[in-house]
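**Student:** What follows is a protein structure lacking sequence information:
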Ligand code: FES
């Protein structure tokens, strides 16, 4: 079928009831993005992740591409399933979006350790009362305020232009009786007297964003929120996002605006929940891996994508919130803690602070597991760190029936005899399998003899069948699932888990070797990060991702990076501790480490 070049087609997204118009040639994914439909598209539309599945209910689409023939079974294609990033409307169309293709709602890790410490925030409140100007006192408003601050025994403050633009009106509206937020001698906010000052702690993960609204004087979290990192639509991992900025003019600007805009939306929601005004937020601390840090700050990332992978900046930065587009108090600042290396960022620094690794007296290993896994080892006063590319398998990506941790995702698997017992998030009918589920599945399949040591699926079980000549294990048969399709684990899925766990285990072994100790010497193992919170430690040990140690030595701490960001938000001393910490770290670059390949290959076995 041909179409008129000037025709616009309507795309209806059901059951969420959104509608978009597309010009001919635009994909369903572009339509979804235009309609604000949170379709999972973790390969950024490259046709490799298979996550952007939709079902055609009505209308006509372009013929299936090679990627669709590869990623969708013939039964799925017969039922009308398509990949949104591949299919182009040839008429008005109506689509059904299965729950596993929607990026929300899903479990977003914002919980973590509580922060208990004496707050000594960078921005402090100072109440000032002044006489208004008169014919006998013609001092300008700014000088009048500076004089009043000096009269309180404080140094004469400064103020940026954006503060001065509002100053005259604010002083008059408040009757010359105001509360200032002073940050290192600079006025960052002028508020009604008695107003409470707040700060914002942010953890920008490659996949997820976590934000915390914190009362600065008490260090109390009054609201928190998680969301998907919207940059996911431009690439699932750091490497593909760096590639996007290389290929796309303005790519860096687009990614910067996307993440800042999401954070601004979250700030609005947090303020509504906390019952405060946005201009009460006078300070933010933002942590993320080095690429997320650079993309947030608008710094170049090209050099992070090529050897020797150096950051543009590793020192701590203090930038004006309006310079990066974050909407806080008009003079508010964003503190960006230091990065360690190109692939070990401020989020790991924050995690090390929060987990007390810097001060650890015991031999402690700390891991922050994600698409990139950062690992640190504290031993005998030394602090060694490395980073490994563990890939997105534990986010449910690159897995045939993988999905993010959303309702209906299989998160626990237990195989007893011939029976497979599953537990899904929110106890809904299974529609896919998330990271902790696939790890469990591999561990249980290995234990039940369904997988051999190399990860090959063994025949001879009722749940093992052949598809296109390749064996796969039916975890949940179609009759028991929420979408009427089997949920399976195939050889490629097992291989993805092997690659991810081998990278992590090789990183651990290299750090132990560099420190000259064995795994048995580890007194504590701290596991942070969203996936790390939900993984079953015994499954991770059984597949060989973690060393064989007594289970009580492991501690799962939730979003420790978020907790570290909160520490640095409420405490100047913790910011200094972060700067001292990175000077102590011995960073090991795994890609050039002579022992890495051998450790990695050894760790591939189950
Ligand atoms: S296959 Fe469509 S976004 Fe990945």
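**Tutor:** Received it, and whenever you're ready, just let me know what you need. The shown structure was predicted, so the numbers you read here are calculated from the model rather than taken from an experiment.
**Student:** drop to CA atoms for contacts and neighbour counts, all remaining ones
**Tutor:** OK.
**Student:** If we go by neighbour counts, what in stretch 19-30 is buried?
**Tutor:** Across stretch 19-30, burial judged by 16 or more other Cα atoms under 10 Å covers 19-24, 26-30.
**Student:** And the furthest pair within these?
**Tutor:** Spatial extent of the buried residues of stretch 19-30 (Cα to Cα) is set by the pair 19 and 24 at 15.9 Å.
**Student:** Which parts of the stretch 1-150 of the chain are strands?
**Tutor:** With strands called from DSSP state E, counting those that start in this stretch, the stretch 1-150 of the chain shows them at 9-14, 18-22, 53-58, 81-83, 93-96, 123-129.
**Student:** Let me have those strands in CSV, extended by distance to the ligand and mean pLDDT.
**Tutor:** Output for the strands of the stretch 1-150 of the chain, formatted as CSV (distance: least, Cα to the nearest ligand atom, whole Å; pLDDT from 0 to 100):
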stretch, distance to the ligand, mean pLDDT
strand 9-14, 16, 86
strand 18-22, 17, 79
strand 53-58, 7, 91
strand 81-83, 5, 95
strand 93-96, 15, 89
strand 123-129, 43, 93
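**Student:** Residue 135 is nearest to which of these?
**Tutor:** For residue 135, the closest of the strands of the stretch 1-150 of the chain is strand 123-129, at 19.1 Å, according to Cα to Cα.
**Student:** Show me what the helix or strand where residue 169 lies packs onto, helices and strands only.
**Tutor:** Assigned by DSSP states H and E, residue 169 belongs to helix 161-173. Judged by 3 or more Cα pairs under 8 Å, 6 or more residues apart in numbering; DSSP states H and E, the packing partners of helix 161-173 are helix 141-151, strand 186-192.
**Student:** what pairs with the last one, and is each one parallel or antiparallel?
**Tutor:** In other words, strand 186-192. The pairing partners recorded for strand 186-192 under DSSP bridges are strand 158-159 (parallel), strand 177-183 (antiparallel).
**Student:** now the residue of the stretch 151-300 of the chain found nearest the ligand: how far from residue 219?
**Tutor:** Residue of the stretch 151-300 of the chain nearest the ligand, by Cα to the nearest ligand atom: residue 233 (7.5 Å). Per Cα to Cα, to the nearest Å, residue 233 is found 35 Å from residue 219.
**Student:** Could you check which of these two has the larger neighbour count?
**Tutor:** Using other Cα atoms under 10 Å, the more surrounded residue of residue 233 and residue 219 is residue 219, with 23 against 19.
**Student:** So that one is in contact with residue 565, correct?
**Tutor:** No: if you go by Cα atoms under 8 Å, residue 219 and residue 565 don't touch, sitting 11.7 Å apart.
**Student:** Name the residues of the chain found near the ligand, please.
**Tutor:** 41-52, 83-85 (Cα under 6 Å from any ligand atom).
**Student:** Just the buried subset of those, please.
**Tutor:** 41-45, 47-52, 83-85.
**Student:** Which ones among the residues you listed lie within helices?
**Tutor:** Among these, no residue falls in helices (DSSP state H).
**Student:** my guess is residue 368 meets residue 533, correct?
**Tutor:** No: at 10.0 Å, residue 368 and residue 533 do not qualify as touching, with contact defined as Cα under 8 Å.
**Student:** Could I get the full set of helices for the stretch 451-600 of the chain?
**Tutor:** Taking DSSP state H, counting those that start in this stretch, the helices of the stretch 451-600 of the chain run over residues 491-515, 530-534, 537-542, 560-570, 572-584, 596-603.
**Student:** May I see the ones you listed organised as a markdown table, with distance to residue 208, mean neighbour count and mean pLDDT added?
**Tutor:** Shown next, in a markdown table, are those (distance: least, Cα to Cα, whole Å; neighbours: other Cα atoms under 10 Å; pLDDT from 0 to 100):
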| stretch | distance to residue 208 | mean neighbour count | mean pLDDT |
| --- | --- | --- | --- |
| helix 491-515 | 19 | 22 | 95 |
| helix 530-534 | 9 | 23 | 80 |
| helix 537-542 | 22 | 19 | 94 |
| helix 560-570 | 12 | 32 | 93 |
| helix 572-584 | 23 | 17 | 91 |
| helix 596-603 | 28 | 16 | 93 |
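**Student:** Can you check which of the ones you listed gets nearest to residue 273?
**Tutor:** For these, proximity to residue 273 was assessed by Cα to Cα; helix 560-570 is nearest, at 18.3 Å.
**Student:** Which residues does the closest one contact?
**Tutor:** Residues outside helix 560-570 that contact it (Cα atoms under 8 Å, 6 or more residues apart in numbering): 110, 112-115, 117, 119-122, 199-203, 210-212, 214, 216-217, 219, 283-287, 347-355, 528-529, 574-575.
**Student:** Of the strands paired with strand 186-192, flag the one that's most buried.
**Tutor:** strand 177-183 (a mean of 23; mean count of other Cα atoms under 10 Å).
**Student:** Show residues contacting that strand.
**Tutor:** Residues from elsewhere that reach strand 177-183 (Cα under 8 Å, 6+ apart): 122-130, 157, 171, 187-195, 197, 282.
**Student:** about what we covered before: name the residues contacting each of residue 368 and residue 533.
**Tutor:** Residues touching both residue 368 and residue 533 (Cα under 8 Å, 6+ apart): residue 527.
**Student:** Using JSON lines, lay out the strands paired with strand 186-192 together with mean pLDDT.
**Tutor:** Listed next are those as JSON lines, based on pLDDT from 0 to 100:
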{"stretch": "strand 158-159", "mean pLDDT": "94"}
{"stretch": "strand 177-183", "mean pLDDT": "95"}
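**Student:** Rebuild the ones you listed as TSV, extending it with distance to residue 102.
**Tutor:** Listed next are the strands paired with strand 186-192 as TSV, based on distance: least, Cα to Cα, whole Å:
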stretch	distance to residue 102
strand 158-159	45
strand 177-183	42
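**Student:** how about residue 348, what does it touch?
**Tutor:** Here residue 348 is in contact with 288-289, 368, 374, 561 (Cα under 8 Å, 6+ apart).
**Student:** ok, now with 10 Å
**Tutor:** Neighbouring residues of residue 348 by Cα atoms under 10 Å, 6 or more residues apart in numbering: 287-290, 338-340, 354, 366-368, 373-376, 385, 387, 528, 560-561, 564.
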